[in-house]
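Asks: Okay, sequence plus prediction incoming.
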Amino acid sequence: MGFERPRVLLVADRRDMRLLDSEARSEHWGISWKFIDYRDLHNLIDELRSDINNLRSDFILYARNDQIGDRVNIGQVNRLLRVGYSSISGIDESARLQQMQDCFQDFMECGKKVALTRNASHGETDARQNGGMFSLVFDVEQVGGARFGLPRIMNLLDEYGIRATFFVTGIIKRVYPGILDLIQSGGHEIGIHGVWHEFLSNYDDQTQEKYFARMMMEFETQVQGSNFIGRFDETTLRIQLQLGLKYSLYPDINHYHFSSYPKRPTTPVQVSYGDRRMWLIPISVDTYGYPWFSAKSMIDSAHKTSLRSNNHFVVLCHPFRDGNLRHIDVTRKLLRYLTVEKGLAPTRLGDLVSLQTELRKEEPGFWNAGRAHSLGDLVPRTRGDLMGIVPQNLIMAARAISRTRTIW
């Protein structure tokens with residue numbers, strides 16, 4: 001665990017060798033290089049795992065992500081490796097090589113500023129009259145997402161008068177030391193996302209406590225919540241309770257399931273340790289890897305469910321995906337749909353928990369148990385359920401067939 005000079009395994013495509021200086025040295029990172037053909041990445045899991053163990057790498061740094069080039073799915077690889085990660089990949093296909101070089105330079109030097117020129121104009125924000133609320137959350141973990149996607153996202157949020165919650169890793173904070181101030185200057189909230197997006201559930205109590213101590217020290221700002229979805233356990237929750245964090249996220253996403261959206265509850269669950277309390281807030285909508293049709297339908301399902309409980313739901317986004325040029329217009333459509341067409345009010349998660357009163361009981365470990373579906377869940381009850389039967393099942397089939405690609 002090299003906090004001061006972390007050990008990094010940088011995995012680059014052989015076709016990019018001429019663009020990346022593998023002889024360069026950084027005072028901030030101890031870098032080991034591995035050049036591969038990214039099209040074979042999914043066949044190299046055991047080899048990569050061996051390299052990570054032998055080199056004692058703290059995290060893996062991908063030179064490409066699944067938004068450009070061959071669009072190889074690095075997320076699936078990382079879930080199998082269960083190791084921290086980031087990426088220096090470009091995010092826009094037309095400029096991906098130059099962006100990769102820029103991100104590599106930023107990573108090596110550490111200390112650059114994320115350039116943001118704020119728009120002077122503001123868009124439509126007055127049509128909120130339905131009484132419902134939503135929270136937009138953004139996971140900031142890839143260098144390209146921070147440098148190129150984040151400024152576009154922040155300008156769109158300004159345009160629609162939305163204040164969001166951004167979960168940032170320690171890697172990104174180290175590469176761009178001013179990024180927390182930049183995000184907060186827009187009225188947004190900051191949350192923790194790991195030192196280097198590590199799988200905290202891999203570690204014992206003492207090691208997890210060290211990671212949390214590092215996160216809290218690096219952020220140097222008041223933090224109310226975290227997002228470690230898929231990477232935490234009960235020890236992680238206990239430490240957060242002891243630290244006084246107010247909330248953490250877990251996935252309970254309204255993905256289409258054969259013939260209907262599952263109508264998962266949107267109400268937070270309160271957990272306790274001694275006299276400490278915190279909220280576990282479900283993520284109901286995830287834009288990553290889904291076309292606008294799917295995201296819109298998930299929103300409609302989550303919104304309808306929320307009207308029977310706390311009138312609120314959470315939408316998860318990623319700047320490297322939702323802020324790239326291929327998806328930015330869809331992101332604009334998303335913001336307009338939430339605020340103007342549905343008339344919902346945005347709220348930061350920290351503001352939400354201060355208002356939260358309704359309790360929902362769940363079995364211990366529900367955040368990792370997966371979703372149990374009853375036969376009743378499969379019965380289409382809404383127009384969206386019926387309209388989704390053909391396209392959503394085609395999308396699921398395509399994703400299953402092409403496991404090494406991100407289709408959308």
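Replies: Received it, and whenever you're ready, just let me know what you need. Note that the coordinates shown come from a computational prediction; the quantities given were computed from them, not determined experimentally.
Asks: what pairs with the most centrally placed residue in the chain across the strands?
Replies: What sits nearest the mean C-alpha location of the chain, by Cα atoms, centre = their mean, is residue 139, with 3.3 Å. Taking DSSP bridges as the rule, residue 139 bridges to residue 167.
Asks: Isn't it up against residue 320?
Replies: No: taking contacts as Cβ atoms under 8 Å, residue 139 lies outside contact range of residue 320: 9.2 Å. Heads up, the C-betas are built off the backbone N, CA and C, glycines and all.
Asks: I figured residue 172 was touching residue 146, is that so?
Replies: Yes: in this structure, residue 172 is within contact of residue 146 by Cβ under 8 Å, at 5.0 Å.
Asks: Please identify which of the two sits among more neighbours.
Replies: Taking neighbours as other Cβ atoms under 10 Å, residue 172 and residue 146 compare with residue 146 leading, 30 against 25.
Asks: Could I get the contacting residues of that one?
Replies: 114, 140, 172, 175, 176, 179, 319 (Cβ atoms under 8 Å, 6 or more residues apart in numbering).
Asks: Among the residues you listed, which lie within helices?
Replies: With helices defined by DSSP state H, the entries of these inside them are 172, 175, 179, 319.
Asks: Redo the residues you listed as JSON lines? Include pLDDT and distance to residue 11.
Replies: Shown next, in JSON lines, are the ones in helices among the contacts of residue 146 (pLDDT from 0 to 100; distance: Cβ to Cβ, whole Å):
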{"residue": "172", "pLDDT": "98", "distance to residue 11": "18"}
{"residue": "175", "pLDDT": "98", "distance to residue 11": "18"}
{"residue": "179", "pLDDT": "97", "distance to residue 11": "24"}
{"residue": "319", "pLDDT": "98", "distance to residue 11": "21"}
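Asks: Show me how to select, in PyMOL, the buried members of those.
Replies: Entered in PyMOL, the line below selects the buried ones among the ones in helices among the contacts of residue 146, by 16 or more other Cβ atoms under 10 Å:
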select buried, resi 172+175+179+319
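Asks: Could you look up the SS state of residue 61?
Replies: For residue 61, the assignment made with DSSP: H, G, I helix; E, B strand; the rest coil gives strand.
Asks: Surely it touches residue 9?
Replies: Yes: between residue 61 and residue 9 there is a contact under Cβ under 8 Å: 6.9 Å.
Asks: In terms of neighbours, single out the busier of the two.
Replies: For residue 61 versus residue 9, neighbours defined as other Cβ under 10 Å are more numerous around residue 61 (27 against 23).
Asks: Check which residues of the helix or strand harbouring residue 336 are buried.
Replies: Element membership for residue 336 (DSSP states H and E) is helix 328-336. Residues of helix 328-336 classed as buried: 328, 330, 331, 332, 334, 335, 336 (neighbour count, 16+ other Cβ under 10 Å).
Asks: Which of those sits closest to residue 73?
Replies: The closest of the buried residues of helix 328-336 to residue 73 turns out to be residue 330 (Cβ to Cβ; 19.5 Å).
Asks: Now do the phi/psi pair for the spatially closest residue to the closest one that is not a sequence neighbour.
Replies: In space, and not counting its chain neighbours, residue 330 is closest to residue 292: 4.9 Å by Cβ to Cβ, 6 or more residues apart in numbering. For residue 292, the backbone dihedrals (degrees, to the nearest 10) come out as phi -60, psi -40.
Asks: Please work out how many residues are found near residue 292.
Replies: Neighbour tally, residue 292, other Cβ under 10 Å: 16.
Asks: Below-threshold pLDDT in the stretch 151-300 of the chain: ranges please.
Replies: Confidence mapping of the stretch 151-300 of the chain against pLDDT under 70 gives the ranges 255-262.
Asks: quick one on the thing from earlier: from the contacts of residue 146, which is closest to residue 221?
Replies: residue 179 (11.3 Å).
Asks: Find the residue closest to that closest one in space, skipping its chain neighbours.
Replies: Of all residues not flanking residue 179 in the chain, residue 114 sits nearest, at 5.7 Å (Cβ to Cβ, 6+ apart).
Asks: cool, residue 145 as well?
Replies: Once flanking residues are discounted, residue 145 sits nearest to residue 320: 3.1 Å by Cβ to Cβ, 6+ apart.
Asks: Isn't that neighbour up against residue 64?
Replies: No: with contact defined as Cβ under 8 Å, residue 320 does not count as touching residue 64 (11.5 Å).
Asks: Looking at the two, which is more packed in?
Replies: A direct count of neighbours by other Cβ under 10 Å for residue 320 and residue 64 places residue 320 higher, at 28 against 24.
Asks: Run through the residues that contact the more buried one.
Replies: Residues in contact with residue 320 (Cβ under 8 Å, 6+ apart) are 65, 67, 87, 89, 91, 142, 144, 145, 149.
Asks: Mind checking which of those residues are in strands?
Replies: residue 87 (DSSP state E).
Asks: Sort out which of the contacts of residue 320 are buried, if you could.
Replies: 65, 67, 87, 89, 91, 142, 144, 145, 149.
Asks: can you tell me which two in the contacts of residue 146 are farthest apart?
Replies: 175 and 319, at 13.8 Å, using Cβ to Cβ across those.
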